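Enquirer: Take this sequence and fold it.
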Amino acid sequence: AAPLKLSHLAIPVKLSKKQQSPHFLYVKEHKVREGTNTTHPANRTLFVLNIPPYCTKACLSRLFSCCSSVQSVVMCEKPGPEEKPKTPKSKFFNLKTVPGFRVAYVVFKNPAGVQAAKSLSLQGPLELSSENHPVKTGIHKWIASYAASLVDQAELKAEVDTFMQTYDQKIAEEEAKAEEEEGIPDKEGWVKVTRKGRRPGLPRTEAASLRVLEREKRKRARKELLNFYAWQHRETKRENIAQLRKKFEEDKQRIALMRAQRKFRPY
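Expert: Predicted coordinates:
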């Protein structure tokens, strides 16, 4: 890992009183170059590094609330500009969990909160877990994760319905736009023609649909690959040899019967 610069201050933290060795969070004031697009205010944002997996947004918010009122906490895998999603974040789909240590941007309501947070490096280790707000680890964390993974059918249905309404609206807008552009030549003189310009066909009857299905079924049967595998080749050869032997024995019996009846005339 790259060495930390001197501008980072180390804040000792502990999971609980039982923990003997402290863990260090490295913090610095969040600053960006002029003209850089960022969603974090430069004078009210604290950049935090080396956040352990058991430390949540609520933990950081409680930890730094002693400095000033915390407006928001954004945790991510690595530092960088926060990209606003084009679509609302789903509660059930495309859920991404970041394993290992993370970074965070803590935004205070007051600019004095950043300077007060830096002074925490001079104090003793701070506790992340308390009796009122315990941090779940081990089997308790697994139980909580399993309980959170259970899907509420009503919420899932509402999210799916919202997504489908948005999708149908998008498709309708695209179709309306395509109809407006149809027949209008572009810059090079080409005219866009879609399948909707064709003459609509007559609806099929049930008997016609059955005939089409039977025709397709016969086509698929003809297109099936025969003797595709090696064992099929062997089975086919064995069947052919067995048929030849059977025919040979039948011919021998027929010739023997004709000789017995003196009707065998080879010439």
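Enquirer: Every contact and neighbour count from this point should use C-alpha atoms.
Expert: Noted.
Enquirer: In which helix or strand does residue 161 reside?
Expert: Here residue 161, judged by DSSP states H and E, is contained in helix 153-181.
Enquirer: Check the offset of the next helix or strand after that helix from the chain's centre.
Expert: Where DSSP H and E defines the elements, the next helix or strand beyond helix 153-181 is helix 206-223. In terms of C-alpha atoms, centre = their mean, to the nearest Å, the centre of helix 206-223 is set 39 Å apart from its chain centre.
Enquirer: for the following helix or strand past helix 206-223, what is the average pLDDT?
Expert: Downstream of helix 206-223, the first helix or strand assigned by DSSP H and E is helix 230-260. Mean per-residue pLDDT for helix 230-260: 86.
Enquirer: Need the residues that contact stretch 107-123.
Expert: 9-12, 27-29, 40-41, 43-46, 64, 67-73 (C-alpha atoms under 8 Å, 6 or more residues apart in numbering).
Enquirer: Could you rerun that using 10 Å?
Expert: With C-alpha atoms under 10 Å, 6 or more residues apart in numbering as the contact definition, stretch 107-123 has outside contacts at 8-13, 24-30, 40-47, 61, 63-74, 106, 126.
Enquirer: How about the contacts made by residue 24?
Expert: Contact criterion C-alpha under 10 Å, 6+ apart gives 9-14, 49-52, 121, 125 as the residues in contact with residue 24.
Enquirer: I'd assumed residue 131 was in a strand, is it?
Expert: No - secondary structure of residue 131, determined by DSSP: H, G, I helix; E, B strand; the rest coil: coil, with no strand assignment.
Enquirer: show me what contacts it?
Expert: Each residue near residue 131 by C-alpha under 10 Å, 6+ apart is listed here: residue 16.
Enquirer: Poorly predicted segments of the stretch 51-200 of the chain, please.
Expert: Per-residue confidence of the stretch 51-200 of the chain (counting by pLDDT under 70) places the weak regions at 81-88, 92, 94-99, 182-184, 186, 189, 191-200.
Enquirer: just checking, what packs against the helix holding residue 161?
Expert: Judged by 3 or more C-alpha pairs under 10 Å, 6 or more residues apart in numbering; DSSP states H and E, helix 153-181 is in contact with no other helix or strand.
Enquirer: Could you chop the chain up by domain?
Expert: When the chain is parsed with automatic domain parsing, its domains come out as 9-138, 211-260.
Enquirer: Figure out which of those is closest to residue 175.
Expert: Proximity to residue 175, assessed across these by C-alpha to C-alpha, is greatest for domain 9-138 (21.1 Å).
Enquirer: Just the endpoints, please. Distance across the closest one?
Expert: Across domain 9-138, the terminal residues are separated by 30 Å (C-alpha to C-alpha, to the nearest Å).
Enquirer: quick one, phi psi at residue 27?
Expert: phi -130, psi 160 (degrees, to the nearest 10).
Enquirer: Could you find the closest non-adjacent residue to it?
Expert: What sits nearest to residue 27 in space, not counting adjacent residues and going by C-alpha to C-alpha, 6 or more residues apart in numbering, is residue 48, at 4.5 Å.
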